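Novice: Sequence first, predicted coordinates after that:
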Amino acid sequence: MYFATSSTAFVFILITCIRASAQKIKDTADTILFENRDGFIPPGYEEVSTENLGGFGAIEKCGQGASRGVDLCVPYYQCDGETKTIIQDGRTNGFGLIDIRFGEDKPCDHYLDICCAIPKDGLPPSSESPNPEPSTEDEGPIEQPPVVIPPTPKPTPKPKPVNPWTCGIRNDNGIDFKITGNKDREAEYGEFPWMVAITKANYNPPNDNLLVCGGSLIAPNVVLTGAHCVHKFQSNELKIRAGEWDTQTNKERLPYQEKNIKQIIIHEDFNSQVLFNDIALLVLESPVEEAENVGIICLPQKDDVFTSSNCFATGWGKDKFGSKGVYQAILKKLNLPIVPKDECQERLRTTRLGKYFILDKSFMCAGGLKEQDTCTGDGGSPFVCSNPNKPHQYSQVGIVAWGIGCGLEVPAVYADVALFRDWIDNKLSFTAKLI
């Protein structure tokens with residue numbers, strides 16, 4: 001994702017993806033490492049047992065006034081939205097607004113933690129704490145036992161009871177919380193539940209978890225992506241991750257779902273030199289489970305025409321082209337207009353492609369806005385638009401393919417999904433039922 005921003009992202013992600021031009025296309029690889037957070041406890045934390053804290057490893061004191069150093073930082077879903085007290089009964093709750101940019105005034109170290117009060121009746125003591133014998137003597141002030149947060153396990157995704165697997169439902173305001181002060185075009189948590197990260201299966205944690213490209217769920221066991229992303233891989237060399245949002249944390253309420261790939265289906269006429277017919281399907285070994293953060297995108301019919309300006313590209317790609325670009329930790333979104341093919345061809349002819357360049361029929365275009373563009377690392381990711389007759393439901397119109405630089409007021413080029421609808425249906429006729 002390329003966009004103008006005043007903030008600086010500090011991200012360790014290993015990503016390999018491909019951008020191409022029609023004049024001279026070659027594979028490119030950009031790599032950086034995922035940050036290893038295992039065993040790291042920031043300064044100011046009181047270390048406690050993982051069992052007592054429900055898997056989060058440390059307690060951070062917070063609070064203001066009389067509560068300073070008494071209240072505790074807990075994951076946002078462990079704090080009751082009405083009473084602002086720590087939840088003790090195993091239920092979870094998501095509420096409020098989250099500001100993902102930090103300053104010195106932030107009470108908790110992590111943006112998904114909330115400063116939450118201890119209930120008036122206190123928290124249950126640790127199972128190791130002895131029960132004191134009653135005494136009739138005046139023994140002076142009674143020392144309170146150390147505060148321990150009872151385990152609150154993260155809930156596992158559960159199928160929605162109503163209209164399971166309804167496609168194309170965007171969570172405009174996210175789930176659980178809404179980002180405040182969103183200047184960097186972060187997608188809301190769970191806003192695009194069909195978004196998928198394609199990663200390498202063979203890596204040596206904790207140093208090289210490898211993200212290859214983006215993709216989209218079009219059925220519980222099928223991912224749609226660009227052929228240029230996967231044509232060099234065998235199916236056992238890749239995995240997909242559904243429900244991912246912030247690649248640098250696992251503190252979201254709902255976990256991502258990771259699946260192995262059973263089969264890679266690449267279009268027979270895919271041209272790796274000029275990226276014609278840049279489309280591929282990944283058939284998963286087992287289907288994902290529908291959850292608030294995991295869903296599927298609708299596919300257009302081959303004769304559908306989209307002219308809506310309510311269209312979005314999403315991805316974890318670079319914020320600018322070249323070595324100065326930084327891959328994004330949190331999923332980004334760009335609201336981009338569709339550009340008619342004839343106009344796109346003319347604008348591309350003003351670039352180094354030259355005045356005789358012809359845009360292949362397998363492509364469509366979008367964007368062309370200054371400092372707003374898909375970029376390196378966004379390949380294979382979906383470009384979606386609201387349906388003309390159902391504005392609250394989205395269909396995937398394009399697959400990120402290639403472009404001339406990033407954010408140069410030249411439209412980016414996408415594989416035209418509607419053109420390939422018959423091909424998709426044919427390939428999946430015995431694999432998955434598409435909605």
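Specialist: Sure, I can see it. Residues are numbered from 1 along each chain as shown.

Novice: longest helix anywhere in the protein?
Specialist: What stands out as the longest helix in the chain, according to DSSP state H, is helix 341-349.

Novice: hey, C-alpha coordinates of that helix in PDB?
Specialist: Only the C-alpha atoms of helix 341-349 are listed here, as PDB (Å, rounded to 0.1, in the frame of the first residue of the first chain):
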ATOM      1  CA  LYS A 341      -9.800   0.300 -19.900                       C
ATOM      2  CA  ASP A 342      -9.500   2.700 -22.800                       C
ATOM      3  CA  GLU A 343      -8.600   5.600 -20.500                       C
ATOM      4  CA  CYS A 344      -6.200   3.300 -18.600                       C
ATOM      5  CA  GLN A 345      -4.400   2.300 -21.800                       C
ATOM      6  CA  GLU A 346      -4.000   5.900 -22.800                       C
ATOM      7  CA  ARG A 347      -2.600   6.900 -19.400                       C
ATOM      8  CA  LEU A 348      -0.200   3.900 -19.400                       C
ATOM      9  CA  ARG A 349       1.100   5.000 -22.900                       C
END
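
Novice: quick one: average confidence on that helix?
Specialist: The pLDDT scores in helix 341-349 average 95.

Novice: Report pLDDT for Ala117.
Specialist: Value listed for Ala117 in the pLDDT field: 79.

Novice: hang on, I meant Gln88
Specialist: 64.

Novice: Any chance you could list what contacts stretch 262-272?
Specialist: With contacts defined as CB atoms under 8 Å, 6 or more residues apart in numbering, stretch 262-272 is touched by 227-228, 230-231, 233-235, 238, 276-285, 420, 423, 427. In this view, the C-beta of every residue, glycine as well, is placed from N, C-alpha and C.

Novice: Now it: buried residues?
Specialist: Residues Ile264, Ile265, Ile266, His267, Phe270, Ser272 are the ones in stretch 262-272 that count as buried (16 or more other CB atoms under 10 Å).

Novice: where along the stretch 101-250 of the chain do the helices fall?
Specialist: 227-230 (DSSP state H, counting those that start in this stretch).

Novice: Just the angle for whatever helix or strand comes next after the longest helix of the chain relative to helix 341-349, thanks.
Specialist: Once helix 341-349 ends, the next helix or strand along the chain (criterion: DSSP states H and E) is strand 363-367. Put simply, strand 363-367 runs at 70 degrees to helix 341-349, going by axes from the mean of the first three to the mean of the last three CA atoms, to 10 degrees.

Novice: quick one: contacts of strand 363-367?
Specialist: 311, 313, 334, 336-341, 343-344, 359, 373-374, 383, 397-398, 401, 403, 411-416.

Novice: quick check: mean pLDDT across the helix or strand containing Ile424?
Specialist: Using DSSP H and E, the element containing Ile424 is helix 421-427. On average, the pLDDT along helix 421-427 is 96.

Novice: can you list contacts of it?
Specialist: By CB under 8 Å, 6+ apart, the surrounding residues in contact with helix 421-427 are Ile218, Leu224, Ile265, His267, Ile279, Leu281, Leu299, Pro300, Gln301, Lys302, Leu434.

Novice: try 10 Å this time
Specialist: With contact meaning CB atoms under 10 Å, 6 or more residues apart in numbering, helix 421-427 is reached by 218-219, 222, 224, 263, 265, 267-269, 277, 279-281, 283, 299-304, 417, 420, 432, 434.
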